[in-house]
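Enquirer: only the shape, not the letters, is given here:
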């Protein structure tokens, strides 16, 4: 299976945009088979993870070394698990998620070289304040605060900053051609994926009273809708009502990110990240169009 992974990786590195997504899905499937997990909790966490194959391919595109690329893949996968477990802990308060996250983090620190351990400590300290910020945003939302475009952008980019603050530095520590521009695109790609997740999770986040960019954007219209109304009628309220009030604002962010990515210069081996940006933006637009929102 490892030989098949290497063969498909070599072909994908030299492919163009056509067929790239299908090839990356194949590689992601092979990676999950090479690195299976027995824990139902971690299986559920991995299902929420998004970019494992992308980080592997970024490493392979730069090094052509399958062993170092697999090491990057496993380290990023475990870091994503830590972030998602801690995120769930801060959402529901279940100490089991915190203990699992801390155990994974302790293992990462033990297994990796001193440079990466120091970089990891610094990176995590930078991202950790997000959960306090998320709770603050939740409190404002519940209290009836309205959110401007600047607020929406800040919320989304802070939420997605784990990509730039935690995972990208790991790539930087092992890839010779990695630079700040690559990190920027990785951040924008994560922001686009987080918007896509929020689009899928509107009803769930309304139920749990968690900040969601579409819910926040719907509160900035100055119309008859406010958060207390949304939450009070959460069992009957239509997602379409929220999307109808928020789609324009959120799509302006999607277009802004997509345009920014197109203008960023990166080494050729990382150009495939732009294919992903285009795909993420198209996916959001198609989902909103399928919801029959008048755009």
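Expert: Sure, I can see it. Bear in mind the structure is a predicted one, so any value in this text is a computation, not a measurement.

Enquirer: where is the longest helix in this structure?
Expert: Counting residues, the longest helix in the chain under DSSP state H turns out to be helix 66-92.

Enquirer: next, the angle helix 66-92 makes with the next helix or strand after that one.
Expert: Going down the chain from helix 66-92, the next helix or strand is helix 95-111, by DSSP states H and E. Helix 95-111 runs at 150 degrees relative to helix 66-92, counting by axes from the mean of the first three to the mean of the last three Cα atoms, to 10 degrees.

Enquirer: state the mean pLDDT of helix 95-111.
Expert: Helix 95-111 shows a mean pLDDT of 87.

Enquirer: what's it in contact with?
Expert: Applying Cβ atoms under 8 Å, 6 or more residues apart in numbering, the contact partners of helix 95-111 are 41-42, 75, 78-79, 81-83, 85-86, 88-89, 117, 120-121, 124. Bear in mind the C-beta positions are built from the backbone N, C-alpha and C, glycine included.

Enquirer: any idea how far that helix is from the middle of the chain?
Expert: 20 Å (Cα atoms, centre = their mean, to the nearest Å).

Enquirer: and the following helix or strand past it, what's buried?
Expert: Counting by DSSP H and E, the next helix or strand C-terminal to helix 95-111 is helix 114-127. Neighbour counts using 16 or more other Cβ atoms under 10 Å place 116, 119, 120, 123, 124, 127 of helix 114-127 among the buried residues.

Enquirer: show me the contacts for the one residue sitting closest to the centre of the chain.
Expert: Nearest residue to the geometric centre of the chain (Cα atoms, centre = their mean): residue 190, 3.9 Å. Contact partners of residue 190, counting by Cβ under 8 Å, 6+ apart, are 50, 51, 160, 162, 163, 164.

Enquirer: hmm, the third one is touching residue 198, no?
Expert: Read that as residue 160. No: judged on Cβ atoms under 8 Å, residue 160 makes no contact with residue 198 at a distance of 10.9 Å.

Enquirer: who's more crowded, those two?
Expert: Per other Cβ atoms under 10 Å, whichever of residue 160 and residue 198 has more neighbours is residue 198, with 25 against 22.

Enquirer: quick one: that one from residue 205, how far?
Expert: Separation of residue 198 from residue 205 (Cβ to Cβ, to the nearest Å) stands at 7 Å.

Enquirer: what do these two both touch?
Expert: Shared contacts of residue 198 and residue 205, counting by Cβ under 8 Å, 6+ apart, come down to residue 212.

Enquirer: mean confidence for the longest helix of the chain?
Expert: pLDDT averaged over helix 66-92 gives 90.

Enquirer: again with stretch 281-289
Expert: The average pLDDT within stretch 281-289 is 95.

Enquirer: can you name the residues in contact with that stretch?
Expert: Here stretch 281-289 has contacts from 192, 195-196, 199, 243, 247, 250-251, 254-255, 257-258, 295, using Cβ under 8 Å, 6+ apart.

Enquirer: now that stretch: buried residues?
Expert: Buried residues in stretch 281-289, counting neighbours by 16+ other Cβ under 10 Å, are found at 281, 283, 284, 285, 288.

Enquirer: which of these sits closest to residue 152?
Expert: Relative to residue 152, the closest of these is residue 284; by Cβ to Cβ it sits at 14.1 Å.

Enquirer: tell me the SS of the closest one?
Expert: With DSSP: H, G, I helix; E, B strand; the rest coil as the basis, residue 284 sits in helix.

Enquirer: do the same with residue 145
Expert: Look at residue 145: counting by three-state DSSP, its state is coil.

Enquirer: roughly how far apart are the nearest residue to it once chain neighbours are set aside and residue 230?
Expert: Spatially, and ignoring its direct neighbours in sequence, residue 145 is nearest to residue 219 (7.4 Å; Cβ to Cβ, 6 or more residues apart in numbering). Relative to residue 230, residue 219 is positioned 8 Å away (Cβ to Cβ).
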